[in-house]
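Asks: here is a sequence together with a model predicted from it:
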Amino acid sequence: MPAGVVDAAAKGVRLERHAAGAAVLLRRASGAKQLASASSHLLFRATVLATLALVVLFAVHYPSLLSRSFSLSAAPSSGSPSAAAARSRPSHRSLLGSGASYGGAAWEREVRRRATPRRDGGLSVLVTGAAGFVGAHCSLALRGRGDGVLGLDNFNSYYDPALKRARQRLLASRGVVVLDADINDAALLERLFAAAPFTHVLHLAAQAGVRYAMQAPQTYVASNVAGLVSLFEVAAKHADPQPAIVWASSSSVYGLNTDAPFSEEHRTDRPASLYAATKKAGEAIAYAYNHIYGLSITGLRFFTVYGPWGRPDMAYFSFARSIVAGEPITLFRTADGADARRDFTYIDDVVKGCLGALDTAGRSTGDKSGKKRGPAPLRVYNLGNTSPVPVTRMVAILEKLLGKKANKRVVTMPSNGDVPFTHANVTHAARDFGYRPATSLEAGLRHFVDWFVQYYKLDIKGSNVLAGKTTKKKSMAMSAAS
Ligand SMILES: O=C(O)[C@H]1O[C@H](OP(=O)(O)OP(=O)(O)OC[C@H]2O[C@@H](n3ccc(=O)[nH]c3=O)[C@H](O)[C@@H]2O)[C@H](O)[C@@H](O)[C@H]1O
């Protein structure tokens, strides 16, 4: 075969191959096109279905977001507060989410609404530790007089979180929302201050308990030092306007002070526990933030606060439980055989002190730019009862109220942070905001035991609590406050 023919034939074969290849490519291309078109149909349908599902989900949850959760109108009826609280759902959780999920326009609107006072000249207060003992009582009192209140609490398990949840439900039933949030979550605090112009912060979130500090020292640093700094930082640098801050210090800062009664002028440089040391550190930190940023700061030194809805870790509460259960209680005596004494202070008196401190807290003088216009108030007050009582006397009152003898074991006070006595001088608080403690330990414990028996649904025969002997109205003051 001539070479040209061979070439032509070869070219023809190549051309045929190319043609065949092109046909295959074309077929593949058209297949791909069909596939792409089928996929886009599928994608379109999936998008439509997903959108529909989202619409349905939103429709189901929207009411809980804005109405059910915030129309917290189911007030506890008569009967035990716990039962009433259990009937009221913790719906604000679904409403306000938790932690990082907080935010959005609807959330901000609701934060603002909660923070808005309902009376002329009312305060707008962010309460930290609002599901705690003092926090819950103060939140209700503030709300009851028409101030705007928004609470937050991290619901830690230092003591039974179920009690904190019960307080939260009670507050919810009175229109106070408590967010699940930690004071160390600076981003959340910033969002809160961006959403609402809080005029005041009542900062009660803390790691409490004197003796527990031996077991869990870091939790004290995290809450009482790092948490305090976190709050001060946001209040100083992000809040506009800067709020005035009233916060919980402690009688324990007097430590091994022997001058009595304890005055704010006495030395507080001998803390006997890490708890006391963190509260003392808090007072120094407050000084620095006041000095640098012009934050108005008031520290309140609480003296062994007790009452209904109290803290189960405290002696009066745990002793009551042990007496009812027939279990032994351990009483501490000093090395020279003296009874430990405490200036037990009733919760209603402390609430009045907290509100008085808020009402008289002057304004902060700084702004977000870091400038301050002049000195801002820096205050510290004792909130005690001014009449120390031996712990043995406290036990005797409980025995009488519960109609049952305690099984007592007396030991020498271990060196775990305890102090032998506390005794408050409250002349400064009396002078500046009319603080006058008015509740004897007998009366206060009666209110506590009344609540205690109802909350835990105890049926105590022979006690002085039931059979209408107590002033129910008074002991249920917190649940009745609105
Ligand atoms: O004022 C405060 O700043 C602190 O008050 C509270 O501390 P305290 O005054 O130590 O209260 P609390 O534990 O109820 O012990 C009371 C008495 O019972 C004695 N006590 C205690 C336990 C025990 O098993 N036996 C006993 O005899 C004990 O020796 C003491 O004499 C808060 O807990 C604390 O968070 C902080 O707020």
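Replies: Okay, I see it.

Asks: need the helix or strand of the protein with the lowest average pLDDT.
Replies: helix 81-87 (a mean of 33; mean pLDDT, DSSP states H and E).

Asks: show me the helices in the stretch 251-400 of the chain, by range?
Replies: 274-293, 315-325, 347-360, 391-402 (DSSP state H, counting those that start in this stretch).

Asks: and the longest one, what other elements does it pack with?
Replies: Think helix 274-293. Helix 274-293 sits against helix 217-220, helix 227-237, strand 244-250, strand 297-302, strand 378-383, with contacts defined as 3 or more CB pairs under 8 Å, 6 or more residues apart in numbering; DSSP states H and E. Every residue, glycine included, has its C-beta placed from N, CA and C.

Asks: of all these, which one comes closest to the ligand?
Replies: Among the helices and strands packed on helix 274-293, the nearest to the ligand by CB to the nearest ligand atom is strand 244-250 (3.2 Å).

Asks: tell me which other helices or strands the closest one touches.
Replies: Going by 3+ CB pairs under 8 Å, 6+ apart, strand 244-250 lies up against strand 200-203, helix 227-237, helix 274-293, strand 297-302, helix 347-360.

Asks: going by neighbour count, list what's buried in the longest one.
Replies: To tie it back to what came earlier, the one meant is helix 274-293. Within helix 274-293, the residues that count as buried by 16 or more other CB atoms under 10 Å are 274-283, 285-286, 289-290, 293.

Asks: coming back round to it: any chance of the helices of the stretch 251-400 of the chain in JSON lines, plus mean pLDDT and distance to Leu150?
Replies: Converted to JSON lines, the helices of the stretch 251-400 of the chain look like this (pLDDT from 0 to 100; distance: least, CB to CB, whole Å):
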{"stretch": "helix 274-293", "mean pLDDT": "98", "distance to Leu150": "22"}
{"stretch": "helix 315-325", "mean pLDDT": "97", "distance to Leu150": "28"}
{"stretch": "helix 347-360", "mean pLDDT": "98", "distance to Leu150": "14"}
{"stretch": "helix 391-402", "mean pLDDT": "98", "distance to Leu150": "35"}
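
Asks: thinking again about what came up before, nearest to Val149, of the helices and strands packed on strand 244-250?
Replies: Nearest to Val149 among the helices and strands packed on strand 244-250 is strand 200-203 (8.9 Å), distances taken as CB to CB.

Asks: what's the closest one in contact with?
Replies: Applying CB atoms under 8 Å, 6 or more residues apart in numbering, the contact partners of strand 200-203 are 123-129, 135, 138, 142, 183, 228, 231, 235, 243-248, 354, 358, 361.

Asks: equivalent analysis for stretch 217-226, please.
Replies: 158, 183-184, 205-207, 213, 274-275, 278-279, 281-282, 285.

Asks: can you list the residues of the protein near the ligand?
Replies: 208-210, 250-252, 302-304, 314-315, 330-332, 340, 342, 391, 418 (CB under 6 Å from any ligand atom).

Asks: give me the buried entries from the residues you listed.
Replies: 208-210, 250-252, 302-304, 314-315, 331-332, 340, 342, 391.

Asks: Val127 is in contact with His137, isn't it?
Replies: No - look at Val127 against His137 with CB atoms under 8 Å: they stay out of range, at 10.4 Å.

Asks: more neighbours, those two?
Replies: Comparing Val127 with His137 by other CB atoms under 10 Å, the one with more neighbours is Val127, at 31 against 27.

Asks: from the ligand, how far off is the more buried one?
Replies: Counting by CB to the nearest ligand atom, to the nearest Å, the gap from Val127 to the ligand is 17 Å.

Asks: and that residue, which of the three is it?
Replies: strand (DSSP: H, G, I helix; E, B strand; the rest coil).

Asks: what bridges to it?
Replies: Beta-bridge pairing for Val127 (DSSP bridges): Gly151, Leu202.

Asks: do Asn407 as well
Replies: Pro328.

Asks: roughly how far does it sit from Leu441?
Replies: 22 Å (CB to CB, to the nearest Å).

Asks: of those two, which one has the most company?
Replies: Per other CB under 10 Å, whichever of Asn407 and Leu441 has more neighbours is Leu441, with 22 against 12.

Asks: now do the contacts for that one.
Replies: Counted by CB under 8 Å, 6+ apart, Leu441 has contacts Phe344, Tyr346, Asn385, Val389, Arg393, Met394, Ile397.

Asks: now with 6 Å, please.
Replies: Applying CB atoms under 6 Å, 6 or more residues apart in numbering, we find Leu441 in contact with Phe344, Val389.

Asks: one more: the one 3 residues further on?
Replies: Contact analysis of Gly444 by CB under 6 Å, 6+ apart lists Gly307, Tyr346.

Asks: contacting residues around Leu398?
Replies: Phe319, Ala320.

Asks: give me the distance between it and the ligand.
Replies: For Leu398, the distance to the ligand - CB to the nearest ligand atom - is 12 Å.
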